[in-house]
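Asks: predicted coordinates and the sequence they were generated for:
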Amino acid sequence: MLFENMFLEVTAILVISAVIGALATQLRQPLIVAFIGVGVLVGPAGLDMVSAHEQIELLAELGIALLLFVVGLKLDLHLIRTTGPVALATGMGQVLFTSVFGFLIALGFGIGTVEALYLAVGLTFSSTIIIVKLLSDKREIDALHGRIALGFLIVQDVAAVLALIGLTALGAAPGEGDLVREGLRVVAVGLGFLGAVGLLMRYVLPPLLDRIARSPELLVLSAIAWAVLLAALGDTLGFSKEVGAFLAGISLASTPYREAIASRLVSLRDFLLLFFFIDLGAGLDLSLLGAQVGPAAVFSVFVLVGNPLIVMGIMGFMGYRKRTGFLAGLTVAQISEFSLILGAMGVSLGHLSDEAMGLLTLVGLVTIGLSTYLILYSHPIYHRLSPALGLFERRIPHREHAEDSLGDAGSEVILFGLGRYGRSIAKNLRRVGKRVLGVDFDPQAVVECQAEGLAVRYGDAEDPDILEHLPLAQARWVVSAAPGREANLTLLRSLRAHGYRGKVVLTAHSKDEVAFFQKVGADKVLFPFEDAAEQAVDALGGAAERIHEEHPWGVTLAEVRVTSDSLAAGRRLRELALRSRTGASVIAVDRGGRSLFDLGPEFQIFPRDRLVLVGPEQALDRAREMLQTPAFEEAEPVPFRIGEIAVGKSSPWAGRSLEDIDLRGLHGLNVIGIQRGDQRITAPDPGEVIRPGDRLVVAGAMRDLEGLCGGGNACGRLGDIP
């Protein structure tokens, strides 16, 4: 023993845990592996610095109770329903497969029946904590494979609790007759326990929590007390502390406070679990582990390979693509903290030897460590193995078959990512008459967009196979509204590999990404954060605020943001005639973080401008209504044309520059090119001098183009843009 002072001993353990935990983080390993290593280091096989065994065991029991409480708190049965029968079928199928074959493998190594049963059951559970963390870091928690994985992990959690109940009963009754009697007692007491908790959930807990929740600190303290109380009650009734804590979590899972409680308890749970894994590692006898290397290697390969294969087989049979099955299958390629808790219970009940517990722990270390890298690099691994995985996919994977009941023929825009930003893009594109096909990997977003009437398909931008089922030949634009450099880059490369000839728009979340996407060939780059920041500046520090500050006597103002479909978009103030039509006037415009006050009748309004209006209240109301009316509801859209104007020898434009004739300001037309003999000048400079015989290529409204015909200029229409 290195320390006589218990406080110094615990301090040293925490410091060592922090250092090794930081090293594990750099190696992208879960902290579970690091903490077991700390236990080995500070235990008898290492520095032998642990003397406060009882205190550490108490903290470990509290950590396990909180773990089960949080699992119960987050038990979302709705998730199982929304992912369909695949969660239940995959979860139960994997548990059954792993248990049966794990049991046979254990018997093959000469392990006793009871210990083989513990090992087999321990191999079935996968770590919900680790999987949720890894999928969240990769932003795949809402992907189809992520939702399915969470669904069958919940099934596993429920199975784990049932296993704890069963093993508790097994430990309480060594004889066969006693086992039956004890089993009946457990069922009877369990039903009574569940009934009592159900009554509390229905009549007591909701109003009590409403009062307690007025103080967030009291809410968390009360939740911990409730978890520990039911854990102690479960232990007293002959179940286990874990079962009682799990039921405590379930009892609060339907309340509106479950997220607040769970988020505040996660850090405390992880801190207390540190002592469980340290206690587990400190109890390992390294001299016994040497003989377990062979069995541990076999069991590890079985978990790393066998579990994913059974998940892929079940999901393939149910009609899912091989990619979805593969990515979901990798999430079960390890055993979990539940497995180690189960083993620790077996040791305490006398069912499991130290050698068997060491074997289970060694398998846990290997599978948790390796599966972490498998999940982190799942996409590159899939691309390498994809040709060999066709066995796990039906000829037509009907669950994900690329079909659209709403019809997507002739889609002009294919939009990846239907979050809030992507959905807003789709809504506005449809409003101006564009045919949009949405693609998203979140099944819930797909369902919601279908309900809104949007043509939509399930798919992931990082899945090259999805492009084979999209109408790329008809699409003029492919837009990615989803974040992430790698996802956008993968989509761009896949589109090129499929020979897509349209334009590609990517979404960036930093200026570095903007420059990078432009460099690799994106036709346009969206920068939503920057755009939103400009709008925030306009809203918070715009012209209206300055007017109020400079004129404290008060003035009646209103602000209206111009949308892309507003009848004000693209018009001059004289064309809008707002004062004569409503009685309100535009006195300022906020644009891109600047306030503009010098507004003449030729001032042109653009989408995203924020107009500052002045006038009586009723006039302001009429102006708001007018400006927020979509342009196509007010009148027929003005036809837009691209035409040619031939400059004759007698034309007054001959010998003058484009800037001098000011077609934009005087006639609303843009000169987009000049045909001069065989020479074609695109995007001409404003100082370009016009010569007789030039043909000016102009774009604008048909009425403006036709108004220029005559006077030595011959007009002809090249085409139109609806």
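Replies: Okay, I see it.
Asks: going by C-alpha atoms from here, please, whenever you check contacts or count neighbours.
Replies: Will do.
Asks: what separates Ala116 from Gly102, distance-wise?
Replies: Distance of Ala116 to Gly102, computed by Cα to Cα, to the nearest Å: 8 Å.
Asks: kindly apply the preceding question to Leu8 instead.
Replies: Using Cα to Cα, which is the criterion applied here, Leu8 is 43 Å from Gly102.
Asks: so the two - more neighbours on which side?
Replies: Legend: neighbour count by other Cα atoms under 10 Å for Leu8 and Gly102, higher for Gly102 (24 against 12).
Asks: for the residue nearest to that one when sequence neighbours are not counted, phi and psi?
Replies: Counting by Cα to Cα, 6 or more residues apart in numbering, Gly102 lies nearest to Ala120, which is 4.6 Å off, once chain neighbours are set aside. With angles defined as degrees, to the nearest 10, Ala120 sits at phi -60, psi -50.
Asks: tally of neighbours for Ala120?
Replies: Neighbour count of Ala120, defined by other Cα under 10 Å: 26.
Asks: what does Val413 give?
Replies: A count of neighbours around Val413, defined by other Cα under 10 Å, yields 25.
Asks: so what's it up against?
Replies: For Val413, the contact set (Cα atoms under 8 Å, 6 or more residues apart in numbering) comprises 434-437, 475-479.
Asks: that one pairs with what?
Replies: Per DSSP bridges, the residues bridged to Val413 are Val436, Trp477.
Asks: where do the strands of the stretch 401-550 of the chain begin and end?
Replies: Remark: strands assigned in the stretch 401-550 of the chain by DSSP state E, counting those that start in this stretch are 413-416, 436-440, 455-458, 477-480, 503-507, 524-526.
Asks: show me how far the third one is from its chain's centre.
Replies: Mean-position distance between strand 455-458 and its chain equals 18 Å (Cα atoms, centre = their mean, to the nearest Å).
Asks: now name the helix or strand holding Glu644.
Replies: strand 640-647 (DSSP states H and E).
Asks: where does the stretch 51-200 of the chain dip in pLDDT?
Replies: Applying pLDDT under 70 to the stretch 51-200 of the chain flags residues 75-84, 136-137, 139, 141-142, 165-183, 185-186.
Asks: again, 90 this time
Replies: Applying pLDDT under 90 to the stretch 51-200 of the chain flags residues 51-99, 102, 106, 108-200.
Asks: neighbouring contacts of stretch 334-344?
Replies: Outside stretch 334-344, the residues within contact range by Cα under 8 Å, 6+ apart are 64, 118-119, 121-128, 160, 164, 303-304, 352, 357, 360-361, 363-364, 367-368, 371.
Asks: just say helix, strand or coil for the closest residue to Ile681 other than its chain neighbours.
Replies: Sequence neighbours aside, Ile674 is the residue nearest to Ile681 in space, at 5.0 Å (criterion: Cα to Cα, 6+ apart). Here Ile674 is strand, with the state taken from DSSP: H, G, I helix; E, B strand; the rest coil.
Asks: burial count for Ile674?
Replies: 22.
Asks: residues contacting it?
Replies: Applying Cα under 8 Å, 6+ apart, the residues near Ile674 are 680-682, 684, 694-697.
Asks: can you select the buried ones from those residues in PyMOL?
Replies: Selection of the buried residues among these in PyMOL, burial being defined by 16 or more other Cα atoms under 10 Å:
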select buried, resi 694+695+696+697
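Asks: so which of the contacts of Ile674 belong to strands?
Replies: Of the contacts of Ile674, the ones assigned to strands by DSSP state E are 680-682, 695-697.
Asks: tell me the one among these nearest to Arg591.
Replies: Nearest to Arg591 out of the ones in strands among the contacts of Ile674 is Thr682 (Cα to Cα; 28.8 Å).
Asks: so that closest one bridges to which residues?
Replies: Beta-bridge pairing for Thr682 (DSSP bridges): Gly673.
Asks: might one say that it is in contact with Glu688?
Replies: No - counting by Cα atoms under 8 Å, Glu688 is not a contact partner of Thr682; they are 11.4 Å apart.
Asks: now the strands of the stretch 401-550 of the chain as a markdown table including mean pLDDT and distance to Thr629?
Replies: Shown next, in a markdown table, are the strands of the stretch 401-550 of the chain (pLDDT from 0 to 100; distance: least, Cα to Cα, whole Å):
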| stretch | mean pLDDT | distance to Thr629 |
| --- | --- | --- |
| strand 413-416 | 90 | 25 |
| strand 436-440 | 88 | 23 |
| strand 455-458 | 81 | 25 |
| strand 477-480 | 90 | 27 |
| strand 503-507 | 89 | 29 |
| strand 524-526 | 86 | 26 |
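Asks: format those strands as JSON lines; extra columns: distance to Met318.
Replies: Shown next, in JSON lines, are those (distance: least, Cα to Cα, whole Å):
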{"stretch": "strand 413-416", "distance to Met318": "26"}
{"stretch": "strand 436-440", "distance to Met318": "21"}
{"stretch": "strand 455-458", "distance to Met318": "17"}
{"stretch": "strand 477-480", "distance to Met318": "30"}
{"stretch": "strand 503-507", "distance to Met318": "34"}
{"stretch": "strand 524-526", "distance to Met318": "39"}
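Asks: and the residue lying farthest from the centre of the chain, which of the three is it?
Replies: Farthest-out residue of the chain from its mean C-alpha position, per Cα atoms, centre = their mean: Ser650, at 65.3 Å. Assigned by three-state DSSP, the conformation of Ser650 is coil.
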